[in-house]
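**Q** no sequence for this one, just the structure:
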């Protein structure tokens, strides 16, 4: 809708002689007017409206022009007043008495960041014909996912799985004889994949965009419409999308900065295999790194300051993981808290407080890897100059339309207080631009959000777990089916894990699901869609599922709400 909203002269005493700064004029095409009285009635809606400088609605032309103080009002505010009764804004057709842009530094939209949220925002902006500037500092264009996150980690996880299966078999009659690992080649192949996907899925996508300018640099807000890049170049815009992502949160522990720690950013580029790793943190990043590098022949230890890995999930889930990791020789130290690091020759000494209150020293001959969560990249943005609201942890606070507390500034991706996934970031970037320039009020809903931890077995979820359901007060019931009851798992002789469904007992609708299973992530989208569209457990149980697929476990888990599946035939329902 807001294809082109251009700023008018915003100096005092211009246009109608008013003494208002930050003046802008916007022109709409309006549907539903049938006479001059309609035009007059729309104008009257703005009588006494704070921030309105002038208004003019023309029935014969089907247009309305409004001059306003952008510090008091946004285009969406004007649109909402028009869109009442039979009237509706059909399109934004530009500005009244347009002036030339104030040099190359002025844009419709400035995107700060260069990851998935930023590129999604840029793609939508191009489709709306907006002049757009993308400013990216830190990681290369493409952001965390393609450069140092999803792509490299999952590539290494798959490589490690290949090694694992050459040394482990579920079948007594098959004796694997191992693999020769060229670790440097594995990392080189990973780097080539990252470079290829960064080019194909990011840079090539926007190569032919006519309205997009991309620069590298660090942006800092001077005011709500102006940024300074690298301390020297000023740029202004009507709207902003902050999509600066997040980085590893480095804990303030004595000596840590002096011992040469790694994060996923630096670890994934090491072509020489380390003898060992001590990983600080047992969240999903730490767990994925631990299993991948262990299977590639590195001795791995995990230090976790809480009582168990992946503390955000229920204990039955983490119990399966702990058992698998211990089987693979990965040492997990729960309730250990590192309080000091120091070097002794080439070794790193890690001083820890133990669960019983005593202290101990751990020796790491390889590297310390910090995987203690992330922090949003907001500290260098100059947000104190514009009073943008943040959470206690520094995330930008947004609503479900990706709006911040400042009407012309939006935010998306890991820098916000929303779920931190590449696919949510992309959806948020798109929504931010749609809402900033079209007035469609596009919202992002996470109620059925699917997610996966790429451990082995994988952990996947959507909707609520039983603890979350209990907190909401929803009447619920849980069905938990061990994979020992799933024919596919029995045939593969791999019955690690379970499928757990949570239903609303009043409506029979699925409200949550958790899966622990080899390739369990491949099942979760179906359950996410069931939650989103209100599918009942009865409908899940009565649907057709191909026999000897892991997906059949969903049917069996649904049946388990009312029957004992251990007493059913494979063909029964």
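**A** Yep, it's here. The structure presented is a predicted model; accordingly, all values stated were derived computationally and were not measured.
**Q** make it CA atoms for all contacts and neighbour counts henceforth
**A** Noted.
**Q** So what's the predicted local confidence for residue 94?
**A** Note for residue 94: predicted pLDDT of 55.
**Q** Run through who's touching stretch 531-550.
**A** Stretch 531-550 is contacted by residues 447-448, 462-463, 486-489, 491, 503, 507-512, 523, 530, 551-552, 554-556, 558-559, 573 when judged by C-alpha atoms under 8 Å, 6 or more residues apart in numbering.
**Q** For PyMOL, write a command that selects the buried ones of these.
**A** With 16 or more other C-alpha atoms under 10 Å as the criterion, this PyMOL line picks the buried residues out of these:
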select buried, resi 448+462+463+486+487+488+489+503+508+509+510+511+512+523+530+551+552+554+555+556+558+559
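**Q** Can you list which of the contacts of stretch 531-550 are found in helices?
**A** Residues of the contacts of stretch 531-550 located in helices (DSSP state H): 487, 488, 489, 491, 530, 552, 554, 555, 556, 558, 559.
**Q** Make TSV from those residues and add pLDDT to it.
**A** Below are the ones in helices among the contacts of stretch 531-550 laid out as TSV (pLDDT from 0 to 100):
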residue	pLDDT
487	94
488	95
489	96
491	96
530	98
552	95
554	96
555	95
556	95
558	96
559	94
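**Q** Now render the residues you listed as a markdown table, adding distance to residue 427.
**A** Listed next are the ones in helices among the contacts of stretch 531-550 as a markdown table, based on distance: C-alpha to C-alpha, whole Å:
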| residue | distance to residue 427 |
| --- | --- |
| 487 | 37 |
| 488 | 35 |
| 489 | 35 |
| 491 | 39 |
| 530 | 20 |
| 552 | 31 |
| 554 | 28 |
| 555 | 31 |
| 556 | 33 |
| 558 | 31 |
| 559 | 35 |
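**Q** Identify, from these, the entry nearest to residue 414.
**A** residue 530 (26.6 Å; C-alpha to C-alpha).
**Q** separation between the closest residue to the closest one other than its chain neighbours and residue 451?
**A** Using C-alpha to C-alpha, 6 or more residues apart in numbering and skipping the chain neighbours, the partner closest in space to residue 530 is residue 510 (6.7 Å). Applying C-alpha to C-alpha, to the nearest Å, the value for residue 510 to residue 451 is 17 Å.
**Q** Figure out how far stretch 515-534 is from the centre of its chain.
**A** 18 Å (C-alpha atoms, centre = their mean, to the nearest Å).
**Q** Okay, now that stretch: how far is its last residue from its first?
**A** Start-to-end span of stretch 515-534 (C-alpha to C-alpha) is 19 Å.
**Q** What are the buried residues along that stretch?
**A** For stretch 515-534, using 16+ other C-alpha under 10 Å, the buried residues are 515-521, 523-525, 527-532.
**Q** What is the most widely separated pair among the residues you listed?
**A** 518 and 532 (24.6 Å).
**Q** Show me what the host helix or strand of residue 77 is in contact with.
**A** Taking DSSP states H and E as the criterion, residue 77 maps to helix 75-82. Identification of contacts with helix 75-82 by C-alpha under 8 Å, 6+ apart yields 26, 42, 45, 46, 88, 89, 439.
**Q** tell me how far the helix or strand bottoming out on mean pLDDT in the chain is from the chain's mean position?
**A** Ranked by mean pLDDT, DSSP states H and E, the weakest helix or strand in the chain is strand 88-94, scoring a mean of 72. Chain-centre distance of strand 88-94: 32 Å, with C-alpha atoms, centre = their mean.
**Q** same thing with stretch 165-183?
**A** 36 Å.
**Q** Now do the domain split for this structure, please.
**A** 23-94, 106-247+376-437, 256-372, 450-566 (automatic domain parsing).
**Q** CSV please, covering those domains and showing distance to residue 443.
**A** Formatted as CSV, the domains of the chain follow (distance: least, C-alpha to C-alpha, whole Å):
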stretch, distance to residue 443
domain 23-94, 15
domain 106-247+376-437, 5
domain 256-372, 26
domain 450-566, 15
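**Q** hey, least reliable of these by pLDDT?
**A** domain 23-94 (a mean of 84).
**Q** Show me where the stretch 51-200 of the chain has its helices.
**A** For the stretch 51-200 of the chain, the helices defined by DSSP state H, counting those that start in this stretch occupy 75-82, 116-127, 143-148, 150-165, 183-198.
**Q** Looking at the ones you listed, which is nearest to residue 327?
**A** So among those, helix 150-165 is nearest, using C-alpha to C-alpha, at 12.4 Å.
**Q** what sits up against the closest one?
**A** With C-alpha under 8 Å, 6+ apart, helix 150-165 has contacts from 144-146, 176, 178-179, 181, 186, 190-191, 193-194, 268, 288-289, 291-293, 295-296, 454.
**Q** Most widely separated two among the ones in helices among the contacts of stretch 531-550?
**A** The span of the ones in helices among the contacts of stretch 531-550, defined through C-alpha to C-alpha, is set by 491 and 530 at 27.4 Å.
**Q** Kindly check the end-to-end length of stretch 249-256 for me.
**A** Chord length of stretch 249-256, first to last residue, is 13 Å (C-alpha to C-alpha).
**Q** buried ones in it?
**A** 250, 256.
**Q** And the contacts of that stretch?
**A** 338, 339, 340, 341, 342, 370, 371, 372, 373, 374, 375.
**Q** would you list those in JSON lines and tack on secondary structure and neighbour count?
**A** Below are those laid out as JSON lines (DSSP: H, G, I helix; E, B strand; the rest coil; neighbours: other C-alpha atoms under 10 Å):
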{"residue": "338", "secondary structure": "strand", "neighbour count": "23"}
{"residue": "339", "secondary structure": "strand", "neighbour count": "16"}
{"residue": "340", "secondary structure": "strand", "neighbour count": "16"}
{"residue": "341", "secondary structure": "strand", "neighbour count": "20"}
{"residue": "342", "secondary structure": "strand", "neighbour count": "17"}
{"residue": "370", "secondary structure": "strand", "neighbour count": "23"}
{"residue": "371", "secondary structure": "coil", "neighbour count": "24"}
{"residue": "372", "secondary structure": "coil", "neighbour count": "22"}
{"residue": "373", "secondary structure": "coil", "neighbour count": "18"}
{"residue": "374", "secondary structure": "strand", "neighbour count": "16"}
{"residue": "375", "secondary structure": "strand", "neighbour count": "18"}
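**Q** Buried subset of the contacts of helix 150-165 as a ChimeraX selection?
**A** The following ChimeraX line selects those of the contacts of helix 150-165 that are buried, judged by 16+ other C-alpha under 10 Å:
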select :144,145,146,186,190,191,193,194,268,288,289,291,292,293,295,296,454
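**Q** Residue 484 is in contact with residue 492, correct?
**A** No: counting by C-alpha atoms under 8 Å, residue 492 does not reach residue 484; the two are 10.9 Å apart.
**Q** Can you identify each of the helices in the stretch 301-450 of the chain by residue range?
**A** 315-327, 422-437.
**Q** To residue 568, which of those lies closest?
**A** Per C-alpha to C-alpha, nearest to residue 568 of the helices of the stretch 301-450 of the chain: helix 315-327, 25.2 Å.
**Q** ok, residues contacting that closest one?
**A** 291, 308-311, 331-332, 456-457, 459, 496-497, 516.
**Q** For that helix, list every residue counted as buried.
**A** Buried residues in helix 315-327 (16+ other C-alpha under 10 Å): 317, 318, 320, 321, 322, 324, 325.
**Q** Which two among those residues are spaced furthest apart?
**A** 317 and 325 (12.8 Å).
**Q** you'd agree residue 210 is in a helix?
**A** No: counting by DSSP: H, G, I helix; E, B strand; the rest coil, residue 210 is not found in a helix; it is coil.
**Q** any idea how far it is from residue 420?
**A** With C-alpha to C-alpha as the criterion, residue 210 and residue 420 are 31 Å apart.
**Q** higher neighbour count, the two?
**A** Comparing residue 210 with residue 420 by other C-alpha atoms under 10 Å, the one with more neighbours is residue 420, at 16 against 12.
**Q** I'd like the helices of the stretch 301-450 of the chain as a markdown table, with distance to residue 151 appended.
**A** Listed next are the helices of the stretch 301-450 of the chain as a markdown table, based on distance: least, C-alpha to C-alpha, whole Å:
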| stretch | distance to residue 151 |
| --- | --- |
| helix 315-327 | 23 |
| helix 422-437 | 11 |
